[in-house]
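**Student:** next input, structure requested:
(2 chains)
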Amino acid sequence: MAGLDIAFWTLAVIGVASALTVVLLRNVFRAALSLVLCFLAVAGIYVSLSADFLAAVQVLIYVGAISVLIILAIMLTRDVQRGSLSNKFRIPAFFVAILFLGAVGFAVCNTPWQIAGIAPQEPTTSALAGKLFGEGGFVLPLEITPVLLLAAILGAIILVREK
Amino acid sequence: MSIGLEHYLALSAILFSIGLYGALAKRNAIVILMSIEIMLNAVNIAMVAFSRYIVPLLLTGQVFAIFVMVVAAAEAAVGLAIIIAIYRSRETIDVTKVDLMKW
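**Tutor:** Numbers count the residues shown, from 1 in each chain, chains lettered A, B, ... in the order given. Below you'll find the predicted structure:
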């Protein structure tokens, strides 16, 4: 279990540090690169939770697609160098975030979690497919998501089309 | 003390708070969208951790995480399209200056 501990702490420190960098850096492009590092750390966290399919999907969708979209949008807009300024709600926002963290920490510490002591399923891909497509699974939400994706694609195309 | 559910939940809460601060305190609309992505990732970590430690054989949390990823991808595409459309018409993506519908 020692290897898992080391992996968790390393990935957690990398993830939190890169997320802080995203929020604190002035340069928007560097913030986007730091966001990619944060996504990769989250993918590693999924591996440490033995969610192998989700880790692969995280790398494909977030690191591959969403970061490219974000960097493309940064390149299409101005003020890359000093573009990430704070508004006048910086200090209230800080206190709201700290309050939220305290509330969640209090709830986590005071809830008696019923930890199941059995080993997790591995590999998860076929089990997830059974969950999504199988009897009594999530077929209806799965059939609704293509409609959502199609609507999103059409909406994005219409929004950015030249008049 | 070995790594347990509480560690993952604490990591998820810290990441969510960082994203919340960024979403509330930033001016650049793209940085706000990036902070929202951090918050969605934090929620996914919490759900996968619940799935791993409380119902390890059901995988329900991982299914929910997949749906969250789908919605996040759609949200990023539409959000960035809206940001680019705003930039074309108003030459800025500073959310404190895009206040046409504010009274």
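
**Student:** buried residues in the one helix or strand B:Val78 maps to?
**Tutor:** Counting by DSSP states H and E, the element that carries B:Val78 is helix B:60-90. With burial defined by 16 or more other C-beta atoms under 10 Å in any protein chain shown, the residues of helix B:60-90 counted as buried are B:61-67, B:69-70, B:72-84, B:86-87. The C-beta positions use only the backbone N, C-alpha and C, and glycine is treated the same way.

**Student:** out of the residues you listed, which are close to chain A?
**Tutor:** Residues of the buried residues of helix B:60-90 in contact with chain A (C-beta under 8 Å from any C-beta of the partner chain): B:62-63, B:65-67, B:69-70, B:72-78, B:80-84, B:87.

**Student:** find the nearest non-adjacent residue to the most centrally placed residue in chain A, please.
**Tutor:** Nearest to the mean C-alpha position of chain A, by C-alpha atoms, centre = their mean, lies A:Phe39 at 6.0 Å. Distances taken as C-beta to C-beta, 6 or more residues apart in numbering or on different chains put A:Tyr62 closest to A:Phe39, at 4.1 Å, once the chain neighbours are dropped.

**Student:** identify the residues contacting that neighbour.
**Tutor:** A:39, A:42-43, B:37, B:41, B:69 (C-beta atoms under 8 Å, 6 or more residues apart in numbering or on different chains).

**Student:** B:Phe64 now?
**Tutor:** Residues in contact with B:Phe64, defined by C-beta under 8 Å, 6+ apart, are B:Met47.

**Student:** neighbouring contacts of stretch B:74-86?
**Tutor:** Contacts for stretch B:74-86 (C-beta under 8 Å, 6+ apart): A:66, A:69-70, A:72-73, A:76-77, A:148-149, A:151-153, A:155-157, A:159-160, B:29-30, B:33, B:36-37, B:92-93, B:98.

**Student:** ok, of those, which come out buried?
**Tutor:** Buried subset of these (neighbour count, 16+ other C-beta under 10 Å): A:66, A:69-70, A:73, A:77, A:148, A:152, A:156, A:159-160, B:29-30, B:33, B:36-37, B:92-93, B:98.

**Student:** quick one: A:Glu135 from A:Phe53, how far?
**Tutor:** Distance from A:Glu135 to A:Phe53, counting by C-beta to C-beta, to the nearest Å: 20 Å.

**Student:** so those two - more neighbours on which side?
**Tutor:** A:Phe53 (19 against 6; other C-beta atoms under 10 Å in any protein chain shown).

**Student:** where does chain A dip in pLDDT?
**Tutor:** Low-confidence segments of chain A (pLDDT under 70): A:1, A:79-83, A:163.
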